[in-house]
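Enquirer: Sharing a model prediction with you, sequence too.
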Amino acid sequence: MILLEGITKKYVDPKSKTQETVALRGIDLQIKQGEIFGMIGHSGAGKSTLLRMINLLERPTTGKVIINDVDLTSLSHKELQDKRRKIGMIFQHFNLLSSATVEQNIAFPLKLKKHSMDEINRKVEELVKLVGLEDHRTKYPSQLSGGQKQRVGIARALAADPDILLCDEATSALDPQTTNSILQLLLEINRTLGITIVLITHEMQVIRSICDRVAVINSGEIVELGNVVDVFLHPMHQVTKQFIQEIADADDHSSFLKGTELPNELVRITFLGEQTYYPILSETVQATGVTFAIMQGTISKMKDTPYGQLLVTFQGDQLAIKDTLTQLQNRGLHVEVIAC
Ligand SMILES: Nc1ncnc2c1ncn2[C@@H]1O[C@H](COP(=O)(O)OP(=O)(O)OP(=O)(O)O)[C@@H](O)[C@H]1O
């Protein structure tokens with residue numbers, strides 16, 4: 001378990017010595033063992049600072065960083081180095097050694113710790129396979145694609161068998177398809193090795209694909225925290241709503257509706273989990289006697305949870321339409337009347 005208690009961070013301008021930037025303001029956070037925890041926020045929100053607190057690459061101005069009951073802020077340099085070995089990290093720009101091959105990059109942390117050659121070879125072999133780079137083991141970073149470079153970064157981060165993997169915008173430099181393959185690799189690593197993954201991103205798509213919980217960071221504070229499914233369906237803070245709107249716009253093919261005169265209001269209906277596959281809408285309208293037209297529909301997944309969204313207009317008696325919406329809500333669907 002990772003515990004951040006009362007964390008604040010002020011950066012002091014080295015020139016003036018008086019000007020301060022407050023990057024984090026009173027952060028309290030628990031990250032559970034084995035979960036994939038996402039932190040999302042706009043540029044300058046404080047995400048990198050917060051992530052780097054977890055391995056004390058940044059020291060808090062006040063507060064404690066407690067990992068598995070050990071307060072890292074109280075450790076000596078040597079003790080901290082030992083703890084850090086169990087916290088792997090991957091980066092947006094991969095940070096590979098350009099003059100070393102794939103295998104040598106992965107072996108690097110093991111060589112530093114003076115493992116035997118047999119041990120290093122065995123571990124490198126295992127990791128090359130895990131990240132799917134069997135055909136590229138003797139290549140140099142300049143001969144690899146972005147996705148392949150990130151696979152090397154991941155393998156290197158796993159070399160010391162960490163309990164925690166920190167991901168600093170790990171997919172931001174990648175195209176959508178490669179992003180997806182790297183996210184699926186992280187998910188597999190989390191599942192097969194049980195490693196806790198903490199990632200920062202400015203893309204809700206990343207959170208939706210693999211995270212269990214999410215914290216929304218704004219101006220150095222956590223403004224929203226919860227299970228990804230709950231936060232997606234019931235966002236409270238304006239910043240969260242903006243991030244979700246961006247992803248909805250990307251999924252949305254209904255812009256042709258804007259400005260169109262529709263016979264009735266548009267209703268967005270969200271189905272979650274098993275509900276996605278049940279004929280709840282058709283059963284309900286049969287019972288209430290209204291008809292509907294589908295304006296747009298998507299089916300997707302939040303990590304393992306399937307969900308569907310339909311944009312519909314209902315036709316019929318106003319009271320019957322109201323009754324339909326109530327019945328849909330009573331059956332557990334999320335129903336939202338929206339303007340077109
Ligand atoms: N070393 C530093 N010295 C001074 N100010 C800093 C330093 N690092 C970060 N800051 C400031 O702290 C605030 C938070 O920065 P941080 O990099 O944590 O945000 P972020 O959410 O990760 O942004 P981005 O997505 O752009 O990387 C910003 O105002 C930034 O300018």
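Expert: Perfect, I can see it now.

Enquirer: What residues does this structure have near the ligand?
Expert: Neighbours of the ligand within the chain, by CB under 6 Å from any ligand atom: Tyr11, Thr21, Ala23, Gly41, Ser43, Gly44, Ala45, Gly46, Lys47, Ser48, Thr49, His202. For glycine as for every other residue, the C-beta is placed from the backbone atoms N, C-alpha and C.

Enquirer: again, only using 5 Å
Expert: Tyr11, Thr21, Ala23, Ser43, Gly44, Ala45, Gly46, Lys47, Ser48, Thr49 (CB under 5 Å from any ligand atom).

Enquirer: List the ones among these that fall in helices.
Expert: Lys47, Ser48, Thr49 (DSSP state H).

Enquirer: residues in contact with the last one?
Expert: I take that to be Thr49. Lys9, Ala23, Leu24, Glu58 (CB atoms under 8 Å, 6 or more residues apart in numbering).

Enquirer: Out of those, which is nearest to the ligand?
Expert: Ala23 (3.4 Å; CB to the nearest ligand atom).

Enquirer: ok, now which ones touch the closest one?
Expert: Ala23 makes contact with Lys9, Lys10, Tyr11, Gly46, Thr49, Gly220 under the criterion CB under 8 Å, 6+ apart.

Enquirer: Is it possible to mark the buried ones in the residues you listed?
Expert: Using 16 or more other CB atoms under 10 Å as the burial test, these include Lys9, Gly46, Thr49, Gly220 as buried.

Enquirer: ok, the residues you listed vs the ligand, which is closest?
Expert: Closest to the ligand, out of all of those and judged by CB to the nearest ligand atom, is Thr49, at 3.4 Å.

Enquirer: how far away is the residue nearest to the closest one when sequence neighbours are not counted from Ala320?
Expert: With CB to CB, 6 or more residues apart in numbering as the criterion, Thr49 has its nearest non-adjacent residue at 4.4 Å, and that residue is Ala23. According to CB to CB, to the nearest Å, Ala23 and Ala320 sit 55 Å apart.

Enquirer: now swap in Arg331 and tell me
Expert: From Arg331 to Ala320 the distance is 16 Å (CB to CB).

Enquirer: before we move on, what about Glu274?
Expert: From Glu274 to Ala320 the distance is 27 Å (CB to CB).

Enquirer: Look at these two and report which has more neighbours.
Expert: Ala320 (15 against 10; other CB atoms under 10 Å).

Enquirer: I'd say the more buried one and Thr288 touch.
Expert: Yes: counting by CB atoms under 8 Å, Thr288 is a contact partner of Ala320 at 4.9 Å.
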